[in-house]
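Chemist: For reference, the sequence and a predicted model appear below.
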There are 4 protein chains.
Amino acid sequence: MATIRAELASVTLGAVEIVLPFGTRLTQQNGFLHAGIITSILDSACGYAALSVAPENAEVLSVEFKVNLLAPAVGESFIARAQVKRAGRTLTVCTADAFALNQGNEKLVATVQSTIMNMIPQP
Amino acid sequence: MATIRAELASVTLGAVEIVLPFGTRLTQQNGFLHAGIITSILDSACGYAALSVAPENAEVLSVEFKVNLLAPAVGESFIARAQVKRAGRTLTVCTADAFALNQGNEKLVATVQSTIMNMIPQP
Amino acid sequence: MATIRAELASVTLGAVEIVLPFGTRLTQQNGFLHAGIITSILDSACGYAALSVAPENAEVLSVEFKVNLLAPAVGESFIARAQVKRAGRTLTVCTADAFALNQGNEKLVATVQSTIMNMIPQP
Amino acid sequence: MATIRAELASVTLGAVEIVLPFGTRLTQQNGFLHAGIITSILDSACGYAALSVAPENAEVLSVEFKVNLLAPAVGESFIARAQVKRAGRTLTVCTADAFALNQGNEKLVATVQSTIMNMIPQP
């Protein structure tokens, strides 16, 4: 997250926003953000959303996710919004959307559905 | 759909509801609906949602879907609600949730993200 | 499984075959097997494969799966072959392929990647 | 690919290997490769495998993929191996595995199933 200068913009119980701010060097010369970066911020957003509803001492680990790449990731900045669909004792399921921002307009560029595991340290 | 007595309860542009009514014989003796049935109504709901935004003469075909099974499908009836996330010329991406209904309460039991292809007959 | 007359044809450690024999009434009038049935035998094959490597007293539960529908499921009979990719303490990941059989030839019709949870009864 | 110094190690019809060589700076301080990087080389391997069977003038585009993260990506180097499961006119379905290499041993760390679209330039 620090490497790509992504920032947690909002955290509430079960919902997280991550912003990838202006001026990033992650875009390719054509101005597209690499799918791996979009996927990473979606995965991170889901992880933080799951963590927001996890037991207090738990860490979280992505088990799997499925991403649909919907449009070229062209934008001045990007935002990933994750929501918890269901929080279980062991597993949490989240969805997240990634948007490209251009002159104040948002465009949906990718969407993910993911499964996250709570890792609770053994005493 | 007819076999399992599922019914299209609502169709608007990009959003569809399918209901599996009371009295179904699809439940196992423990009252659970088989995951294959839940998956089928979610897949059908996504297909109809995609069809609702497809070109007029197009048919639709499920390319793939990913389903998370969130809770035992125990209920008097079931409802699947699908929404189009993005409609393209060739491919449409949908999400859908399945709920179990018990005494007026809805419980989320499964969620799906799917890709559907428009099949346009060649002249 | 009994309802659709599917049968476990082979079980070894981490690999399972399920066969849907001749004469099934599950085909539609055009001879296609419904995607929900193909998905069900793939899901079942993955479940049994996971069970074959699970701790002795564990039951298994499908957490999620992703299926690609590759070709129309037209055949005299069908076979699903599942393999365990990784067996963990809590989660097992499997892949499975479904084939249609026609006059001795196999054709790949669907493929799945799934996550299964071990449910270990508490003492 | 160039940014992370990944290299196409092998390309045959329908099968591709990508290697992420020694000395990469992509690992975190604990020696783990970030899931986003593993996912990127799996996605790239699937893209090249699809391209190897695509019509001559086609380009390829990832429609969607689903990844299971199976073990911490700790290794001296990493290899992604992709295979085409089915090549269609419009869509190709691939699977790929990522392995960590340590002192000559391979360990499976992630597996992906993906859908790729052929983009054929209009005359």
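Modeler: Looks like it came in fine.
Chemist: Flag the shaky bits of chain A, pLDDT-wise.
Modeler: Within chain A, the segments meeting pLDDT under 70 span A:1-4, A:22-31.
Chemist: got the CA coordinates for the strand ranked longest in chain A in CSV?
Modeler: For chain A, the strand with the greatest residue count under DSSP state E is strand A:105-119. Taking C-alpha atoms only, strand A:105-119 is exported to CSV below (Å, rounded to 0.1, in the frame of the first residue of the first chain):
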residue,chain,number,x,y,z
ASN,A,105,-16.7,11.8,-12.7
GLU,A,106,-16.5,8.3,-11.5
LYS,A,107,-16.4,5.3,-13.9
LEU,A,108,-16.6,1.7,-12.7
VAL,A,109,-13.5,-0.1,-14.0
ALA,A,110,-13.4,-3.4,-12.0
THR,A,111,-15.4,-5.4,-9.4
VAL,A,112,-14.3,-8.1,-7.1
GLN,A,113,-15.9,-10.8,-4.8
SER,A,114,-13.5,-12.2,-2.2
THR,A,115,-13.2,-14.6,0.7
ILE,A,116,-11.0,-13.6,3.7
MET,A,117,-10.0,-15.7,6.7
ASN,A,118,-9.7,-14.6,10.2
MET,A,119,-6.3,-15.6,11.7
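Chemist: which secondary structure elements does it contact?
Modeler: Contacts defined by 3 or more CB pairs under 8 Å, 6 or more residues apart in numbering or on different chains; DSSP states H and E place strand A:105-119 against helix A:35-52, strand A:59-69, strand A:91-102, strand B:59-69, strand B:77-87, strand B:91-102, strand B:105-119. The C-beta positions use only the backbone N, C-alpha and C, and glycine is treated the same way.
Chemist: could you check the angle strand A:91-102 makes with the fourth one?
Modeler: Relative orientation of strand B:59-69 with respect to strand A:91-102: 130 degrees, computed using axes from the mean of the first three to the mean of the last three CA atoms, to 10 degrees.
Chemist: Can you mark which positions in strand B:59-69 are buried?
Modeler: Neighbour counts over strand B:59-69 (16 or more other CB atoms under 10 Å in any protein chain shown) mark B:Val60, B:Ser62, B:Val63, B:Glu64, B:Phe65, B:Lys66, B:Val67, B:Asn68, B:Leu69 as buried.
Chemist: Can that strand be said to contact chain D?
Modeler: Yes. Strand B:59-69 is in contact with chain D by CB under 8 Å from any CB of the partner chain, via B:Val63, B:Glu64, B:Lys66.
Chemist: Show me which residues of chain A sit near chain C.
Modeler: So chain A meets chain C at A:Val63, A:Glu64, A:Lys66, A:Thr90, A:Leu91, A:Val93, A:Thr115, A:Met117 (CB under 8 Å from any CB).
Chemist: let's see it at 7 Å
Modeler: Contact residues (CB under 7 Å from any CB of the partner chain) of chain A with chain C: A:Val63, A:Glu64, A:Lys66, A:Thr90, A:Leu91, A:Thr115.
Chemist: Pull the most distant pair out of those residues.
Modeler: Maximum pairwise distance among those (CB to CB): 19.5 Å, between A:Lys66 and A:Thr90.
Chemist: what's near enough to touch the closest residue to A:Ala87 other than its chain neighbours?
Modeler: Leaving aside its sequence neighbours, A:Ala87 sits nearest to A:Val53 (CB to CB, 6 or more residues apart in numbering or on different chains; 4.4 Å). By CB atoms under 7 Å, 6 or more residues apart in numbering or on different chains, A:Val53 lies in contact with A:Leu13, A:Gly14, A:Val84, A:Ala87, A:Thr92.
Chemist: Which residues of chain A lie near chain D?
Modeler: For chain A, the residues in contact with chain D (CB under 7 Å from any CB) are A:35-36, A:39-40, A:43, A:62-69.
Chemist: Can you list the neighbours in contact with stretch A:81-101?
Modeler: A:14-17, A:38, A:41-42, A:45-46, A:49-50, A:53, A:73-80, A:106-118, B:68, B:70, B:108, B:111, C:63, C:90.
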